[in-house]
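Enquirer: Provide a 3D model corresponding to the input given below.
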Amino acid sequence: MYNRLLWKLLAINIPVVAGVILVVWLAIDYLAADYFAVLMEEYHVSPNDAHGIFLNAVHRYLLGATLCAFALAAALSFLLTRKVLRPLSEMMQVTRRLSDGDYTARVQVQSKDEIGRLGAAFNRMADNLERIERLRKTMVADAAHELRTPLTNIRGYLEGLQEGVVSPSQETFEMLHSEMLRLVRLSEDLLSLARADAAKLDLRPQPFSMRDLVEEVLDFNRLRLSAKDLKAEVRFHEGADAVLADRDKLLQAVRNLFDNAWQYTPPGGRIQVSAKRVPEGLRVSFVNTGQGIAAEDLPYIFERFYRADKSRSRDHGGAGIGLSIVKELVEAHDGKVGATSADGQTTVWFTLPC
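Expert: This is a model prediction of the structure:
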């Protein structure tokens, strides 16, 4: 394909050169030759023989110049076209490697022109493909690990019951029931994550009050707040209420953010939900007191199955998916998510464009 395209681009120059030569040829025959004949008559020189000699000489030199022009045009076009097509050929080879599963292949960008920008865009695409493939493998491995732990526990207890090593007590059945609920929660989280991935294809935007949505979530969780003696506060700045978005999907995002704040706020702590207008749009922030998140963990808390505090999160039944779902749902609205943590206070926020 590379050679075919090369010859096609070279063939484009042939009609151009041929057209220029034809115009010059006709100009000489019909204009220069006539002008030469007028001069001959003006100076009383017989134009017949001189006219023929003139045309033959001009045509001979013109043919020689034509051959040189074709050779020079072909050589320059070949070199320049080959230079232009070399990155495209390299992209074809890299594409084949990517299709074969080698996501480390990249194009060598050696210029800043259109071809160079195309190569840079191609490399960004390859980077994203590699990142997605890495996330996919990590997600499969983490999901298998999360499933294996409760399944192993259930298997152990059932085998103990079968062999008579474990007595069929109320405590044993409660343990089995707890592990089963853990599997159910994980399957529901995975289903929610899959739906969040496809959220952008099924958005139903409508105007609604963000404050009402937040207060609805807090009212629904009053018992959970009371159980840990947590104080919840809603603080919306003026004009930071109305929003145009998919209410059901943002309701899921707000629920997940509340669950995350509730889970990591110690008894007697405080949760604050605030909203304000920023240049990017409407920013909603969930602030909770507590131990906080280490700086090295902050960039990864929205990754799937990532837990900054793995042991505590597992004790609470979490699998590290809640914030990933928030990220997918917010980005489906072309929004952004982020988090900060300092001085015993953690803030997780999302921004929706207006």
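Enquirer: secondary structure element for the residue nearest the centre of the chain?
Expert: Taking CA atoms, centre = their mean, the centroid of the chain lies closest to Asn128, which sits 6.0 Å from it. In the assignment (DSSP states H and E), Asn128 maps to helix 114-163.
Enquirer: Work out the gap between that helix and the centre of the chain.
Expert: Here helix 114-163 is found 18 Å from its chain centre; the criterion is CA atoms, centre = their mean, to the nearest Å.
Enquirer: Heading C-terminal from it, find the next helix or strand.
Expert: On the C-terminal side of helix 114-163, the nearest following helix or strand under DSSP H and E is helix 170-197.
Enquirer: low-confidence ranges in the stretch 51-200 of the chain?
Expert: Within the stretch 51-200 of the chain, the segments meeting pLDDT under 70 span 51-55, 57-59, 61-62, 76, 80-81, 83-84, 113, 139, 142, 192-200.
Enquirer: can I assume Thr351 sits in a helix?
Expert: No. Thr351 sits outside any helix when classified using DSSP: H, G, I helix; E, B strand; the rest coil, being strand.
Enquirer: mind checking how far Met210 is from Val287?
Expert: For Met210, the distance to Val287 (CB to CB, to the nearest Å) stands at 16 Å. For every residue, glycine as well, the C-beta is placed using N, CA and C.
Enquirer: before we move on, what about Asn256?
Expert: Counting by CB to CB, the separation of Asn256 from Val287 is 16 Å.
Enquirer: quick one, which of those two is more surrounded?
Expert: Applying other CB atoms under 10 Å to Asn256 and Val287 shows that Asn256 carries more neighbours, namely 24 against 19.
Enquirer: and Glu114, how many neighbours does it have?
Expert: 9.
Enquirer: How about the one 10 residues further on?
Expert: Neighbourhood size, Arg124 [other CB under 10 Å]: 10.
Enquirer: Next: Ile301.
Expert: As a measure of burial, Ile301 has 22 neighbours, counting by other CB under 10 Å.
Enquirer: Looks like Leu298 contacts Ser341 (just checking).
Expert: Yes. Using CB atoms under 8 Å, Leu298 is in contact with Ser341, at 6.3 Å.
Enquirer: Can you name every helix or strand that the helix holding Asn128 contacts?
Expert: Packing contacts for helix 114-163, counted by 3 or more CB pairs under 8 Å, 6 or more residues apart in numbering; DSSP states H and E, involve helix 47-99, helix 170-197.
Enquirer: gap between the last one and the chain center?
Expert: Remark: helix 170-197 is offset 31 Å from the chain centroid, using CA atoms, centre = their mean.
Enquirer: count of residues packed around Leu151?
Expert: Neighbour count of Leu151, defined by other CB under 10 Å: 13.
Enquirer: Show the contacting residues for it.
Expert: By CB atoms under 8 Å, 6 or more residues apart in numbering, the contact list for Leu151 reads Leu183.
Enquirer: The closest residue to Glu303 other than its chain neighbours: helix or strand, and which one exactly?
Expert: Nearest residue to Glu303 in three dimensions, chain neighbours excluded: Ser324, at 6.6 Å (CB to CB, 6 or more residues apart in numbering). Using DSSP H and E, Ser324 maps to helix 322-332.
Enquirer: going on from that helix, what's the next piece of helix or strand?
Expert: Next along the chain from helix 322-332, counting by DSSP H and E, comes strand 336-342.
Enquirer: so what's Ile301 scoring on pLDDT?
Expert: Listed pLDDT for Ile301 reads 83.
Enquirer: what about Val330, neighbour count?
Expert: So Val330, with other CB under 10 Å, has 25 neighbours.
Enquirer: same thing with Leu244?
Expert: If we define neighbours as other CB under 10 Å, then Leu244 has 14 of them.
Enquirer: on that earlier part again, what separation is there between the residue nearest to the centre of the chain and Leu98?
Expert: The value you get for Asn128 to Leu98, if CB to CB is used, is 11 Å.
Enquirer: likewise Arg117?
Expert: Distance from Arg117 to Leu98, by CB to CB: 19 Å.
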